[in-house]
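Colleague: Sequence plus the predicted model coming up.
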Amino acid sequence: MPTSRSDLADLTYFLAISRHRSFRLAGLELGVSASALSHALKGLEARLGVRLLHRTNRSVTLTAAGEELRDKVAEPFGTIDQAVESLNRYRDAPTGRVRLNVAAEAAPLLLAPVMPIFIDRYPDIEIDIAARDQMTDVIEDGFDAGIRYAGTVPEDMVAQRLSGELRWIVVASPAYLEKFGVPQHPSDLEHHHCLGVRLGNAHIYRWEFEGPEGEFSVPVASKVLVNGGARCWPWRSRGPDLCTAWRQPSPPISRAENYARC
């Protein structure tokens, strides 16, 4: 017959009684009164239809059925106890694997500076990072957390801000500016060669700006598309196109003055 939840609890009581051969001592181990244990064992025996214990005023012994039951369930219950006990290592110090799904640009910008410190502080944690721009269901695909730009995080997800405002700028190689000139206004970019960015949702990114006119976007002309702004770094010093980048400590090659990418 199927084992119920109450059977499992009563089997735990039975094993304690069989170890101590005493309702009182078993009750002290379990934090249960001797009378409650006696009542539980009578219920278990009634459901099983067999007598498990011989009880007298002075002793408690196992019947043949009780000895057979003890021998068969002691090991599985012991395995459960060991499994629960092994979880203590998760409480004593963080351990295990953490899977992260992050935007391609978030890996060098946010993770790279802190990973050496994190690994040194938590040596028992394994980090599995998937850096890609394609939008994905973090939970359904088995990830523990994700890093995305604020506007792309689903409303039902718990979100925590990880950085301040990022300032983006337009950059170009000196050779490009010498050949095609320096754009004076973001609207001039429609007539320049710009490196396009395909977003994780497959849309082509419209370059966003903020200036005296407020916030606006420009659909730039692109002969080359990449699926992540960080991947255009090799183009910036010698490439044939204008490109965008987050603001770095070192000065950019060139930028359109008075305008900043949002």
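Modeller: Yep, it's here.
Colleague: C-alpha from now on. contacts and neighbour counts both.
Modeller: OK.
Colleague: And the residue most central in space within the chain, how close does it get to Val98?
Modeller: Centrality entry for the chain: nearest residue to the mean C-alpha point is Asp144, 1.7 Å, by CA atoms, centre = their mean. According to CA to CA, to the nearest Å, Asp144 and Val98 sit 6 Å apart.
Colleague: same check, this time on Pro186
Modeller: Distance, Pro186 to Val98, using CA to CA: 42 Å.
Colleague: what's the answer for Glu85, then?
Modeller: Distance of Glu85 to Val98, computed by CA to CA: 22 Å.
Colleague: Looking at these two, which is more packed in?
Modeller: Using other CA atoms under 10 Å, the more surrounded residue of Glu85 and Val98 is Val98, with 13 against 10.
Colleague: Please verify my assumption that that one contacts Asp124.
Modeller: No. Using CA atoms under 8 Å, Val98 is not in contact with Asp124; the gap is 10.8 Å.
Colleague: How far does the longest helix along the chain sit from its chain's centre?
Modeller: The residue-count maximum for a helix in the chain (DSSP state H) belongs to helix 64-86. Offset of helix 64-86 from its chain centre (CA atoms, centre = their mean, to the nearest Å): 35 Å.
Colleague: Can you point out the buried residues in it?
Modeller: Of the residues in helix 64-86, Gly66, Leu69, Arg70 count as buried by neighbour count, 16 or more other CA atoms under 10 Å.
Colleague: do stretch 29-36 as well
Modeller: Judged by neighbour count (16+ other CA under 10 Å), stretch 29-36 contains these buried residues: Ala34.
Colleague: what does that stretch rub up against?
Modeller: Stretch 29-36 is contacted from outside by Tyr13, Ala16, Phe23, Arg24, Ala26, Gly27, using CA atoms under 8 Å, 6 or more residues apart in numbering.
Colleague: ok, now which ones touch the third one?
Modeller: In this structure, Phe23 makes contact with Ile17, Ala34, Leu37, Ser38, Val60, judged by CA under 8 Å, 6+ apart.
Colleague: Point me to the helix or strand that includes the fourth one.
Modeller: Take DSSP states H and E as the rule and Ser38 turns out to sit in helix 34-48.
Colleague: what is the orientation angle of that helix with helix 64-86?
Modeller: Angle of helix 34-48 versus helix 64-86, following axes from the mean of the first three to the mean of the last three CA atoms, to 10 degrees, is 110 degrees.
Colleague: Check which element follows helix 34-48 along the chain.
Modeller: Remark: after helix 34-48, the chain's next helix or strand is strand 53-55, criterion DSSP H and E.
Colleague: chain center to that following strand, what's the gap?
Modeller: With CA atoms, centre = their mean as the basis, strand 53-55 stands 53 Å off its chain's centre.
Colleague: Stretch 80-89 now?
Modeller: For stretch 80-89, the separation from the chain centroid amounts to 23 Å (computed by CA atoms, centre = their mean).
Colleague: What of stretch 153-170?
Modeller: From the chain centre to the centre of stretch 153-170 is a distance of 17 Å (CA atoms, centre = their mean).
Colleague: What of stretch 212-220?
Modeller: Distance of stretch 212-220 from the chain centroid (CA atoms, centre = their mean) equals 35 Å.
Colleague: can you check stretch 128-146 too?
Modeller: The chain centre lies 8 Å from the centre of stretch 128-146; the measure is CA atoms, centre = their mean.
Colleague: can you tell me which residues contact Cys214?
Modeller: Quick fix: residue 214 is Gly, not Cys. Counting by CA under 8 Å, 6+ apart, Gly214 has no contacts.
Colleague: Which strand residues bridge it?
Modeller: Gly211 (DSSP bridges).
Colleague: can you start the count at 28 instead of 1 from here on
Modeller: Done: numbering now begins at 28, and the last item shifts to Gly241.
Colleague: Which strand or helix spans Leu189?
Modeller: Per DSSP H and E: Leu189 is located in neither a helix nor a strand.
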